[in-house]
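Novice: generate coordinates for the sequence data below:
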Amino acid sequence: MNSTEGHRTADQIRAKKILFEDILNSSPDLIIARDRELKTLICNRAFAENIGKLPEQLMGKTDLPESNDGSQEAGLHADRQDELEVLGGKPIHRIVDLSDHATNSRVFDVFKVPLRSDEGTVIGILSSARDISELFELRKTLSKREQELRELAAHLYEVRENERKRIAGDIHDDLGQRLTAMSLGLHWAASGISDNPAVLNKHLDDLLEMNRRTLQAVQDIATRLRPRILDDMGLKAALEWLVSSINRHGGPVFAIEFEVDDSLLDQAITTTLFRMAEECVSNVLRHSNARQAVLKVQEEGDSILYTVEDDGIGIDQASLENSRSFGLLGMRERALLLGGSFEIARRNAAGTKVRISIPRSGRARPDHA
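Specialist: Have a look, this model is predicted:
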């Protein structure tokens, strides 16, 4: 081989080495290769920077320093039992959690495989670690959400059964008794037991009054299931009816600011906002110790913005973080199903503010479909 060919070969080798290093350093994974004595043969920039070094400073080293954040990053690659198994020809795959619960989570997907010569002899260990902390946190969040939804579903089932039980009791105990009494009264009137007109008229008047009260009881039961005014006159009228019925009984004074043409609202949005209003009003009455509260329905771009503010004691942090606050969880799920958002926070001055935004289209976003 002449000198020209030798220089060309050396240049090709150098170019291939640079290309190899560029490929290795382009990976965000932490990569290191060690020989059988666990001396570092090569590592990429991501691995070296993670422990505050340059790749060339780690060549030939067996003892690796801690990472910049103080966690033993070398532990990803320095488990003695793993090393023995890999040097014996067995690849290893582990999820390694180096999280410090006082700081951010640090979770890695680690692969360790035998590094083999052309003849197949194990000459070392090739390790790679991918930071999956964000994915790990996402999985934890999804798992928590799934658990919340299971508990909410169980709660709603219990609520539905209790409501059915209550309605059945109302029908049997109230309507049943009234209809039985009316039947007996009509039978008495038809039997001709009394021929005194005054007595008969008095009896018929009593039956008419009983009939009026029975019809009112039927209307009350129907209203508790779904107020007719919501379908007949729209959201504004239904909210005014709700607020007026609450204000008649004392306690916090509720006011309404309605700035939307509710005739243009989708039925699903109308129902959702009304049910949320019921839940918000209930929360104010039970928990806030407020003197007054304001329900606002406004337009915000292509969305309907619904807010409830009170001047009470304000919601505490424990209640905000309580995954078993089924009322809050139910409102959030209702909003998400329509592609909207739900927020609740303690006001700076006093009280609590609920903020719900729902797009006019009323369609769920793909990530919440």
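Novice: secondary structure class for residue 140?
Specialist: Secondary structure, DSSP: H, G, I helix; E, B strand; the rest coil: residue 140 is helix.
Novice: where do the helices of the stretch 251-369 of the chain begin and end?
Specialist: 267-283, 317-321, 326-337 (DSSP state H, counting those that start in this stretch).
Novice: my guess is residue 280 meets residue 308, correct?
Specialist: Yes - judged on CB atoms under 8 Å, residue 280 makes contact with residue 308 at a distance of 4.3 Å. From N, CA and C alone the C-beta is placed, and that goes for glycine too.
Novice: need the residues touching each of the two.
Specialist: Counting by CB atoms under 8 Å, 6 or more residues apart in numbering, the contacts common to residue 280 and residue 308 are 295, 354.
Novice: need the contact list for the spatially most central residue of the chain.
Specialist: For the chain, residue 145 is the residue whose C-alpha lies nearest the centre (CA atoms, centre = their mean; 5.2 Å). By CB under 8 Å, 6+ apart, the contact set of residue 145 is empty.
Novice: so it, which state does it fall into?
Specialist: Per three-state DSSP, residue 145 ends up helix.
Novice: what do you get for residue 62?
Specialist: Quick answer, by three-state DSSP: residue 62 is coil.
Novice: helix or strand right after the host helix or strand of residue 12?
Specialist: Taking DSSP states H and E as the definition, residue 12 sits inside helix 3-26. Using DSSP H and E, the next helix or strand after helix 3-26 towards the C-terminus is strand 30-35.
Novice: run through the stretch 151-300 of the chain and note the low-pLDDT ranges.
Specialist: Counting by pLDDT under 70, the stretch 151-300 of the chain shows low-confidence ranges at 152, 155-164, 167-173, 189-190, 192-195, 222-224.
Novice: what segments of it are strands?
Specialist: 253-258, 292-300 (DSSP state E, counting those that start in this stretch).
Novice: possible to save the ones you listed as TSV with mean neighbour count?
Specialist: Shown next, in TSV, are the strands of the stretch 151-300 of the chain (neighbours: other CB atoms under 10 Å):
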stretch	mean neighbour count
strand 253-258	15
strand 292-300	17
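Novice: could the ones you listed go into a markdown table alongside distance to residue 105?
Specialist: As requested, those are exported to a markdown table (distance: least, CB to CB, whole Å):
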| stretch | distance to residue 105 |
| --- | --- |
| strand 253-258 | 44 |
| strand 292-300 | 35 |
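Novice: relative to residue 345, which of those strands is closest?
Specialist: Closest to residue 345 of the strands of the stretch 151-300 of the chain, according to CB to CB: strand 292-300, at 15.2 Å.
Novice: which among the strands of the stretch 151-300 of the chain is found nearest to residue 51?
Specialist: Smallest distance to residue 51 across these (CB to CB): 49.1 Å, for strand 292-300.
Novice: contacts for the closest one, please.
Specialist: Applying CB under 8 Å, 6+ apart, the contact partners of strand 292-300 are 235-236, 239, 243, 252-260, 262, 273, 277, 280-281, 284, 304-312, 357.
Novice: for residue 58, give me the pLDDT.
Specialist: On pLDDT, residue 58 comes in at 87.
Novice: that one: how many residues sit nearby?
Specialist: By other CB atoms under 10 Å, the residues close to residue 58 number 20.
Novice: tell me the contacts of it?
Specialist: With the criterion set at CB under 8 Å, 6+ apart, residue 58 makes contact with 32, 40, 43, 47, 48, 64.
Novice: once you drop chain neighbours, what's closest to the third one?
Specialist: With sequence-adjacent residues excluded and distances taken as CB to CB, 6 or more residues apart in numbering, residue 43 is closest to residue 32, at 4.1 Å.
Novice: any idea what that neighbour is bridged to?
Specialist: Beta-bridge partners recorded for residue 32 (DSSP bridges): residue 43, residue 127.
Novice: surely it and residue 115 touch.
Specialist: No - Residue 32 is beyond contact range of residue 115, at 10.6 Å (criterion: CB under 8 Å).
Novice: pLDDT score assigned to the closest residue to residue 340 other than its chain neighbours?
Specialist: Distances taken as CB to CB, 6+ apart put residue 358 closest to residue 340, at 3.6 Å, once the chain neighbours are dropped. Looking at residue 358, its pLDDT is 91.
Novice: go on, residue 110?
Specialist: Note on residue 110: pLDDT of 90.
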